[in-house]
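>>> let me see the structure of the following:
(chains A, B and C)
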Amino acid sequence: MQHSCTLKIETANSYQQGCIRMTLEDSELWKSFHTVGTEMIITKHGRRMFPHCSISLSGLQPFANYVVMVDIVPADNVKYKWKKEQWEVAGKSEPQPPCRTYIHPDSPAVGSHWMKQSLSFLKMKLTNNTLDQHGHIILHSMHRYYPRFHVIQADSPHTVCWGSFQTFSFPETVFTAVTAYQNPKITKLKIDHNPFAKGFREGGTHSHSLQRMPSTSQSAQVRKKPASTQQSPKAGHLSPWAPEQDLSESIHTERQEQREYDYGGEEQLVPASTSYQPYRSVEYPRFPLPPRNRDPTEALLHAPPHPLSTSEPGTQQQECRYGNQQGPRSNPADWSQYPLFSYSCW
DNA sequence: TCAACTAACACGTTTGAACGGC
DNA sequence: AGCCGTTCAAACGTGTTAGTTG
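Coordinates of the predicted model:
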């Protein structure tokens, strides 16, 4: 990994704020899912993500302690339904569940430790159980989200509210939370890439499947079905993640955004309350916003709104203004509403 | 009637304890 | 005694699907 600004601009999957740089691992895998429209299963007892979040860091101070955490925030303020092999807007989003944060189990650790190897958030689990007691990330099904990664210079998770933090996110990690897979193309991708799903691969001697021959063969048909029979325009209908060609466009735009914004030395204090209002004026513009984007849903992708927000999200300008209104979070009271430490796996 | 959700299922993978050899 | 490698069983995680719920 290089640290030059040139590379920063040319590499779509890594971002640099101040001196800290973050790179998304398995970005190609993420992109392959993103192209189809990533779906993440959420269950009552918690389900891991696949692809899972894995990042690498550079530019940290080798001997300073850092806490690394991730939360998952809405990508827009609508809910979706899967209809006729495509996602459609089904109305306004549900009130957001409690915002929880997953703290990397190595936290706190010195910068040299974080930079030594990639950080995996494999064990982070998603749930739709709003009463969950295990600290899993609570999401609504049929809503779109994306993970946000926070790097906080702090000696312990209990003091992160006093430390400077920097936040990163990646456009290809946007996903739709579902309780059952809707898009068969996603199912095929998961089975192809996820080792735990090998028992469901074609040709397997799955007695359970054999007993349910009709449905299984139907499933096999879906898997064998040529992609052309399932995609067509439907794939990109209302998709904020802009499948297929849109992804490349997003990346391209991202590069433009990185040229436009100077993140050097940008640090702020701690995030907002349970609301998902952007608390970093420069963060969300980093999300790709296609210049020709006229789809409000797409625009919303860049400005995770708060359900109570009266602002009319939909333009980058508004979200920036909104972000500025929020400003740095230096008030510890804000933290009391923001359960950043509710979840870790240590 | 329909869409969304839940729980059970059987399989593969992962994990870690137990064991033996050096 | 300590280390290392192997084996094996239990735990875990997976997608599918019938049944349930609203």
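>>> could you say which helix or strand holds residue A:34?
Using DSSP states H and E, residue A:34 maps to helix A:27-36.
>>> ok, then the element right after that helix?
Downstream of helix A:27-36 (by DSSP H and E), the next one is strand A:39-41.
>>> quick one: that following strand near DNA strand B?
No. Strand A:39-41 is not in contact with DNA strand B by CB under 7 Å from any atom of the strand; minimum separation 8.5 Å. The C-beta positions use only the backbone N, C-alpha and C, and glycine is treated the same way.
>>> sorry, back to before: kindly export the helix holding residue A:34 (C-alpha atoms) in CSV.
What follows is helix A:27-36, C-alpha atoms only, in CSV (Å, rounded to 0.1, in the frame of the first residue of the first chain):
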residue,chain,number,x,y,z
SER,A,27,-13.6,-5.3,-2.8
GLU,A,28,-13.9,-7.3,-5.9
LEU,A,29,-16.2,-9.7,-4.1
TRP,A,30,-18.2,-6.8,-2.7
LYS,A,31,-18.5,-5.4,-6.2
SER,A,32,-19.7,-8.6,-7.6
PHE,A,33,-22.5,-8.6,-5.1
HIS,A,34,-23.0,-4.9,-5.5
THR,A,35,-23.5,-5.3,-9.2
VAL,A,36,-26.4,-7.7,-8.6
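>>> may I see the buried residues of it?
Buried residues in helix A:27-36, counting neighbours by 16 or more other CB atoms under 10 Å, are found at A:27, A:29-36.
>>> also stretch A:171-179?
Buried residues in stretch A:171-179 (16+ other CB under 10 Å): A:171-178.
>>> one step back: save the buried residues of helix A:27-36 as CSV, and put in distance to DNA strand C and pLDDT too.
Converted to CSV, the buried residues of helix A:27-36 look like this (distance: CB to the nearest atom of the strand, whole Å; pLDDT from 0 to 100):
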residue, distance to DNA strand C, pLDDT
A:27, 19, 89
A:29, 13, 91
A:30, 15, 92
A:31, 18, 91
A:32, 14, 90
A:33, 11, 92
A:34, 16, 91
A:35, 17, 91
A:36, 13, 89
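>>> out of those, which touch DNA strand B?
Among the buried residues of helix A:27-36, proximity to DNA strand B is found for none (CB under 7 Å from any atom of the strand).
>>> max pairwise distance over those: which two?
Spanning the widest gap among the buried residues of helix A:27-36 are A:27 and A:36, at 15.3 Å by CB to CB.
>>> okay, the buried residues of stretch A:171-179 in TSV with secondary structure and pLDDT next?
Converted to TSV, those look like this (DSSP: H, G, I helix; E, B strand; the rest coil; pLDDT from 0 to 100):
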residue	secondary structure	pLDDT
A:171	helix	92
A:172	helix	92
A:173	helix	94
A:174	coil	94
A:175	strand	94
A:176	strand	94
A:177	strand	94
A:178	strand	93
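>>> relative to DNA strand C, which of the residues you listed is nearest.
Closest approach between the buried residues of stretch A:171-179 and DNA strand C, by CB to the nearest atom of the strand: residue A:178, at 9.9 Å.
>>> please name the bridge partners of that closest one.
residue A:41 (DSSP bridges).
>>> give me every residue that touches it.
A:39-42, A:82, A:141-142 (CB atoms under 8 Å, 6 or more residues apart in numbering).
>>> list the strands paired with the host helix or strand of residue A:144, with their directions.
Following DSSP H and E, one finds residue A:144 within strand A:143-153. Applying DSSP bridges, strand A:143-153 is found paired with strand A:65-83 (antiparallel), strand A:164-169 (antiparallel), strand A:175-178 (antiparallel).
>>> ranking helices and strands of chain A by mean pLDDT, which lands last?
Sorting the helices and strands of chain A by mean pLDDT, DSSP states H and E puts helix A:316-326 at the bottom, at a mean of 28.
>>> residue A:188: what secondary structure?
Using DSSP: H, G, I helix; E, B strand; the rest coil, the structure places residue A:188 in helix.
>>> burial count for it?
21 (other CB atoms under 10 Å).
>>> that one and residue A:38, how far apart?
The gap separating residue A:188 from residue A:38 is 13 Å, by CB to CB, to the nearest Å.
>>> check residue A:118 too.
Distance from residue A:118 to residue A:38, by CB to CB: 20 Å.
>>> of these two, give the one with the bigger neighbour count.
residue A:38 (27 against 14).
>>> that one contacts residue A:170, correct?
No. With contact defined as CB atoms under 8 Å, residue A:38 does not reach residue A:170; the gap is 11.6 Å.
>>> which neighbours do those two have in common?
Common neighbours of residue A:38 and residue A:170 (CB under 8 Å, 6+ apart) are residue A:30.
>>> on the three-state scheme, residue A:112 is what?
helix.
>>> residues contacting it?
A:60, A:62-63.
>>> and these, which are buried?
Here, 16+ other CB under 10 Å leaves residue A:60 buried among those.
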